[in-house]
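1. Take a look and give me a structure for this.
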Amino acid sequence: MIGELVLEGVDGIDALADLVGGGGVVVLEGAGMSTGSGIPDYRGPNGSLRRHTPMTYQEFTGSAEGRRRYWGRSHVGWEHFRRAEPNAAHRAVAALERAGFVTGTITQNVDGLDLAAGTGEVVELHGNLDRVVCLSCGEVTSRAELAVRLREANPSFEARISELHALNPDGDADLTDAQLEGFRTVPCRRCGQDALKADVVFFGETVPKDRVQRSFELLDAGRSLLVLGSSLAVMSGYRFVLHAARNDQPVAIVTSGPTRGDAKAAVRVDADLQVVLPELLRRLGV
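-> Numbering: from 1, shown residues only. Modelled structure (predicted):
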């Protein structure tokens, strides 16, 4: 009943069901996909960019102090981030894939929740926080292993953090310089260099070419593009909307608030994903 009341007066639900019902749908996800799992977005009403400047690749690689601040904040944030679970939107995309309507998902999120929900064909465009890569020797290790090493190197650190003030979409927490005082990073176990980085694309960093190529391959093989929870403010995601439009592939956008791609959308639903996607499943008989 609550869902029906929320959907009352929302435009585009019927057109969305018609488009998705035709199959061959490629999904493009933004940070709004994971807000229902307790992970904030960047640009929404409570988005992290209103209070937080994300770490840039240039600052991280150019400053040992920048790396220390990042890993201190990320160490605390990841303990909360890793406990996030897929929400109704993630489960809906997985169900649409199993039913044959969705052929692939391109996600800009780094939380791994699509895979956890059971979606099979996923391009993690910006990487995954569960992995750590050494920028010096290229070794890839698990984030869980690094968490143990950081805890051992900073035995009293977490006890000094009385509360988590805010979690950010990139997995770090808002901590003051005083809270970060004395935090120590750890070197790569293979080469010994202070060059460990979360295996995610930082602001100012280039998305790996193989992920971009795979994303375009999915889109070219599909029939339409469904954008979920993204304002499309950055070219990393918006380029796929432009590509679909050039190929005369219909674009549907479901997110709360305006997006950069609204003028390109054949279907536009301005509503909560947690309400719209379960209703979409119902209408398609999934």
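2. Show residues contacting stretch 120-127.
-> Contact with stretch 120-127 is made by 97, 103-110, 112, 114-115, 198-201, 207, 211-212, 214-215, 218, 236-237, as judged by C-beta atoms under 8 Å, 6 or more residues apart in numbering. All C-beta spots, glycine's among them, are computed from the backbone N, C-alpha and C.
3. Alpha carbons only: can I get that stretch in CSV?
-> Taking Å, rounded to 0.1, in the frame of the first residue of the first chain, the C-alpha atoms of stretch 120-127 are listed here in CSV:
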residue,chain,number,x,y,z
GLY,A,120,26.3,-12.1,-13.1
GLU,A,121,27.4,-9.8,-15.9
VAL,A,122,28.8,-6.7,-14.1
VAL,A,123,31.5,-4.3,-15.3
GLU,A,124,32.8,-2.5,-12.2
LEU,A,125,33.9,0.6,-14.0
HIS,A,126,35.5,2.3,-11.0
GLY,A,127,36.9,-0.9,-9.4
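4. Mind checking which of the contacts of stretch 120-127 are buried?
-> Among the contacts of stretch 120-127, those classed as buried by 16 or more other C-beta atoms under 10 Å are 97, 103-110, 112, 114-115, 198-201, 211-212, 214-215, 218, 236-237.
5. Mind checking which of the residues you listed are in helices?
-> 97, 114-115, 211-212, 214-215, 218, 236-237 (DSSP state H).
6. could those go into TSV alongside distance to residue 41?
-> Below are these laid out as TSV (distance: C-beta to C-beta, whole Å):
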residue	distance to residue 41
97	23
114	16
115	20
211	21
212	22
214	24
215	21
218	23
236	15
237	13
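7. Out of these, flag the one nearest to residue 179.
-> Of all these, residue 179 sits closest to residue 236, with 31.3 Å by C-beta to C-beta.
8. Hmm, residue 207 and the closest one touching each other?
-> Yes. At 6.1 Å, residue 236 counts as touching residue 207 under the criterion of C-beta atoms under 8 Å.
9. shared neighbours, the two?
-> Common neighbours of residue 236 and residue 207 (C-beta under 8 Å, 6+ apart) are 125-126, 201.
10. pretty sure residue 250 contacts residue 227?
-> No. Look at residue 250 against residue 227 with C-beta under 8 Å: they stay out of range, at 11.4 Å.
11. rewinding a little: would you turn the shared contacts of residue 236 and residue 207 into a markdown table with pLDDT and distance to residue 245?
-> Formatted as a markdown table, the shared contacts of residue 236 and residue 207 follow (pLDDT from 0 to 100; distance: C-beta to C-beta, whole Å):
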| residue | pLDDT | distance to residue 245 |
| --- | --- | --- |
| 125 | 97 | 19 |
| 126 | 96 | 23 |
| 201 | 95 | 24 |
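12. OK, contacts around the nearest residue to residue 55 once chain neighbours are set aside?
-> Nearest non-adjacent residue to residue 55, counting by C-beta to C-beta, 6 or more residues apart in numbering: residue 70, 5.0 Å away. By C-beta under 8 Å, 6+ apart, the contact list for residue 70 reads 55, 60, 172.
13. Nearest to residue 264 among the residues you listed?
-> Residue 264 lies nearest to residue 55 out of the contacts of residue 70, by C-beta to C-beta, at 31.0 Å.
14. Ramachandran coordinates for the nearest residue to residue 199 once chain neighbours are set aside?
-> In this structure, residue 199 finds its nearest non-sequential neighbour in residue 131, 3.7 Å apart by C-beta to C-beta, 6+ apart. Backbone torsions for residue 131, taken as degrees, to the nearest 10, come to phi -120, psi 150.
15. so where do the strands sit in the stretch 51-200 of the chain?
-> With DSSP state E, counting those that start in this stretch as the criterion, the stretch 51-200 of the chain has strands at 102-107, 122-124, 127-134, 140-142, 196-200.
16. Please render these as CSV that adds distance to residue 160 and mean pLDDT to the earlier fields.
-> CSV is the format used below for the strands of the stretch 51-200 of the chain (distance: least, C-beta to C-beta, whole Å; pLDDT from 0 to 100):
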stretch, distance to residue 160, mean pLDDT
strand 102-107, 35, 98
strand 122-124, 33, 98
strand 127-134, 23, 96
strand 140-142, 26, 97
strand 196-200, 23, 96
